[in-house]
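Enquirer: take a look and give me a structure for this.
(2 chains)
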Amino acid sequence: MTTTDLAAGQGVAPRALPKAGAALDRWRVPLTIAVLAVLPFVLPSQALAVNVLIYGLFTVGFNLLFGYTGLLSFGHAAFFGTGAYLTGMAIAHLGFGWFPAMLTGIVGASLLSAVIGALSIRTRGIYFCMVTLALAQLVYYVALQASGWTGGENGLRGFTVAKADLIGGFSVNLLNPLAKYYFIMFFAALALWFVSRVLNSPFGAAIEAVRENETRARACGFDVERTKLLSFILSGALCGLAGTLSALHLSIVPLDALSVHTSSIVVMMTMLGGAGSFFGPFVGALVFLLIEDVASLWTTHWQLIVGIVFILFVLFLPKGIWGSLIQLTRRRRAS
Amino acid sequence: MDLELILMQLFSGLALGAILVMVALGLTIVFGMLGIVNFAHGALFMVGAYAGLWIAAQTGSFWWALIVAPIAVGVLGMAIERFLIRPLYGRTPDDPLLLTFGLGYVLVETVRITFGTDGIPFSAPDALQGVVDLGVGYFPIYRLFVVGVVAVILLLLWVALEKTRFGLIVRAGARDPLIMKVLGVDVSRLWLLVFGLGVGLTALGGVLAAPMRNVSPEMGTLVLAEAFVVTVIGGMGSLLGAVVAGLLVGVAVSMTALFAPEMATIVMFGLMALILLVRPQGLFGRPAGA
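Expert: Numbers count the residues shown, from 1 in each chain, chains lettered A, B, ... in the order given. Next up, the predicted model:
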């Protein structure tokens, strides 16, 4: 993806942006958190709000690799699913508490992304998509075969966390949907803050340099391979966190969490919202899940509608909703 | 473990591999020429199987299905290239990839709406059922037939690419489309034909595979991943690579199924990982490829 036209939230010099844009950029983390905080009250259902939260975070992780580093992976379900499975398995089989189980999931997903990343960044462009897809399929089949640990086709069950104990004797009742929402939002907020810091750091500039022109980045003295790998691992860790939260939320891990379908969803959400923009992932997740929510009311074939909408986006709005909005405001200012 | 069993398994690996060769060839021809990866390739394999099913039901003849279905789906492929992919030339290679990926969704759902979500059994014609004694053991006739058909197609393809004027233009176009344009060749018509050819090949694979497994809307998903594995092992854009790697993967999968059934699907991905470590450009790939 060569989005030379920089969207808000990328390393643009502040004076190049209109005032509102600069403010939006500076306050992007608090703004996103504020919107997320009211989401359960404005969306048709709280279940939808939790999904926007979890899939939005998943998409943020994916966007770090695709939107900012320019690497299109079709295998990110591997990290989402591994985060979810390891969390569930740590609780169900090893009797871990919720927090160590979460850490297990995140660390496991990061290690897996280090392995898959190291293998797949040896290839480029279109190859990269195919290799990530194939390696994720490998993880899927391993989980399917190791049914003693993972529950195989039936998915992993039996690790309901009803109450999350915090330090100092406090606890969160996870059976209360709203409490659970804010519990999950806390981690999403931490992750958002982290991603924002990463994007503003020199490393954030380095990954965009790799995306824009790999040869030039190399000529400038960047270690392109290490930059890509680190971005891959960070992305995998964030997707693992999303998986972990999804496991705590659903209390089951369906095998589908590792499937091509899950990898595909995150690609579509990113494209709908706008790759390489800070707000894009949550916008994309929201729009995708809204389409699913509304369309599945009157047809079981809602994927047809999603597919058509997606094709139209690729043809006519390749920058996604948020990216196109930014382009529009910039054009208006220029004229 | 007796020799006969191993031979039989080796042979069913070849039949499995022959199908993969069809799918991977289509993928790699389109990539070599147009520089795009068709993510709807697996879905078009599935559409081919359903088209075969439908034609066989209408005409009562498997042979009509075998001939008409790939051509019909190939024409569908040309329409896809003309109306959906052509507007994207000149953009990044990710865009056609993403578009065909969305198209795959649409095709799968359309088939689900038309034919239902359940798998449908599809049987080979009577003449191709049963087994034949080849001296070293009994082999299912249908699988022999599949290997034979694929061998004929490969031969035809080789003749078409190496011995005809069309083949010369195709090969030159794969090397440098710009020069072709300068020399006055209508490259866009060429691309239309090549895309149709690639889609037709995978559809033929779908029809051939139909009697060996159930026809279901999801049958394309695994095939797409398998075709990716084959093209990565063989080398993207290399026709010889697609043939060799397709047969190799087929045999590897079916031999593993004999000794360690639970590892059968996993082994080809392992093979791919190994190739990536040792020879990232694939067995027959050009090293510098982007």
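
Enquirer: which elements pack onto the strand or helix carrying residue B:43?
Expert: In this structure, residue B:43 sits in helix B:41-59 according to DSSP states H and E. Using 3 or more Cβ pairs under 8 Å, 6 or more residues apart in numbering or on different chains; DSSP states H and E, the elements in contact with helix B:41-59 are helix B:3-34, helix B:62-80, helix B:94-115, helix B:187-209, helix B:219-234. No exception for glycine: its C-beta is placed from N, CA and C like everyone else's.

Enquirer: phi, psi for residue B:60 please.
Expert: As for residue B:60, its main-chain torsions (degrees, to the nearest 10) stand at phi 70, psi 10.

Enquirer: an error on my part: the question was meant for residue A:165.
Expert: The phi/psi pair for residue A:165 (degrees, to the nearest 10) is phi -80, psi 130.

Enquirer: now the residue lying closest to it once chain neighbours are set aside: how far from chain B?
Expert: Closest residue to residue A:165 in three dimensions, ignoring its sequence neighbours and counting by Cβ to Cβ, 6 or more residues apart in numbering or on different chains: residue A:171, at 4.7 Å. Shown here: residue A:171 relative to chain B, a distance of 42 Å by Cβ to the nearest Cβ, to the nearest Å.

Enquirer: test my guess that residue B:4 contacts residue B:136.
Expert: Yes - Residue B:4 lies in contact with residue B:136 (Cβ atoms under 8 Å); the separation is 6.8 Å.

Enquirer: so residue A:102 is in which element?
Expert: helix A:98-120.

Enquirer: in that helix, what counts as buried?
Expert: A:98, A:101-102, A:104-106, A:108-114, A:116-120 (16 or more other Cβ atoms under 10 Å in any protein chain shown).

Enquirer: now residue B:111: closest residue in space that isn't a chain neighbour?
Expert: That would be residue B:217: by Cβ to Cβ, 6+ apart, it lies 4.9 Å from residue B:111.

Enquirer: what of residue A:209?
Expert: residue A:217 (4.2 Å).

Enquirer: how about the contacts made by the residue nearest to residue B:111?
Expert: B:46, B:108, B:111, B:112, B:115, B:117 (Cβ atoms under 8 Å, 6 or more residues apart in numbering or on different chains).

Enquirer: count of neighbours near the nearest residue to the first one once chain neighbours are set aside?
Expert: Okay, so that is residue B:46. Closest residue to residue B:46 apart from its sequence neighbours, by Cβ to Cβ, 6+ apart: residue B:220 at 3.7 Å. Counted with other Cβ atoms under 10 Å in any protein chain shown, residues neighbouring residue B:220 total 27.

Enquirer: from residue B:231, how far off is residue B:220?
Expert: Distance of residue B:220 to residue B:231, computed by Cβ to Cβ, to the nearest Å: 16 Å.

Enquirer: spell out which parts of chain A neighbour chain B.
Expert: A:1-2, A:72, A:119-120, A:122-127, A:129-131, A:133-135, A:137-138, A:141-142, A:145, A:260, A:264, A:267-268, A:271, A:301, A:303-304, A:306-308, A:310-311, A:314-315, A:318 (Cβ under 8 Å from any Cβ of the partner chain).

Enquirer: give me that answer again for 6 Å
Expert: Contact residues (Cβ under 6 Å from any Cβ of the partner chain) of chain A with chain B: A:1-2, A:72, A:119, A:122-126, A:130, A:133-134, A:137-138, A:141, A:145, A:260, A:301, A:303-304, A:307, A:310-311, A:314.

Enquirer: in helices, which of those appear?
Expert: With helices taken from DSSP state H, the overlap with the residues of chain A next to chain B comprises A:119, A:125-126, A:130, A:133-134, A:137-138, A:141, A:145, A:260, A:303-304, A:307, A:310-311, A:314.

Enquirer: filter those down to the buried ones.
Expert: For those, buried by 16+ other Cβ under 10 Å: A:119, A:125-126, A:130, A:133-134, A:137-138, A:141, A:145, A:260, A:303-304, A:307, A:310-311, A:314.

Enquirer: surely residue A:228 meets residue A:121?
Expert: Yes - between residue A:228 and residue A:121 there is a contact under Cβ atoms under 6 Å: 4.7 Å.

Enquirer: more neighbours: those two, which one.
Expert: More crowded of residue A:228 and residue A:121, by other Cβ under 10 Å: residue A:228, with 25 against 22.

Enquirer: three-state assignment of that one?
Expert: helix (DSSP: H, G, I helix; E, B strand; the rest coil).

Enquirer: which residues touch it?
Expert: Neighbour list for residue A:228: residue A:121 [criterion: Cβ atoms under 6 Å, 6 or more residues apart in numbering or on different chains].

Enquirer: identify all contacting residues around the host helix or strand of residue B:274.
Expert: Assessed by DSSP H and E, residue B:274 sits inside helix B:264-278. With contact meaning Cβ under 6 Å, 6+ apart, helix B:264-278 is reached by A:119, A:122, A:134, A:138, A:141, B:229, B:232-233, B:249, B:252-253, B:256-257.

Enquirer: quick check, nearest of the contacts of residue B:217 to chain A?
Expert: residue B:112 (6.4 Å; Cβ to the nearest Cβ).

Enquirer: tell me how many other residues crowd that closest one.
Expert: Neighbours around residue B:112, by other Cβ under 10 Å: 18.

Enquirer: quick check: closest non-adjacent residue to it.
Expert: Nearest to residue B:112 is residue B:217, by Cβ to Cβ, 6+ apart, at 4.9 Å.

Enquirer: how near is the one you found to residue A:311?
Expert: 18 Å.

Enquirer: circling back: may I see the buried residues of the helix or strand that the residue nearest to residue A:209 is a member of?
Expert: Per DSSP H and E, residue A:217 falls inside helix A:214-219. Residues A:214, A:217 are the ones in helix A:214-219 that count as buried (16+ other Cβ under 10 Å).
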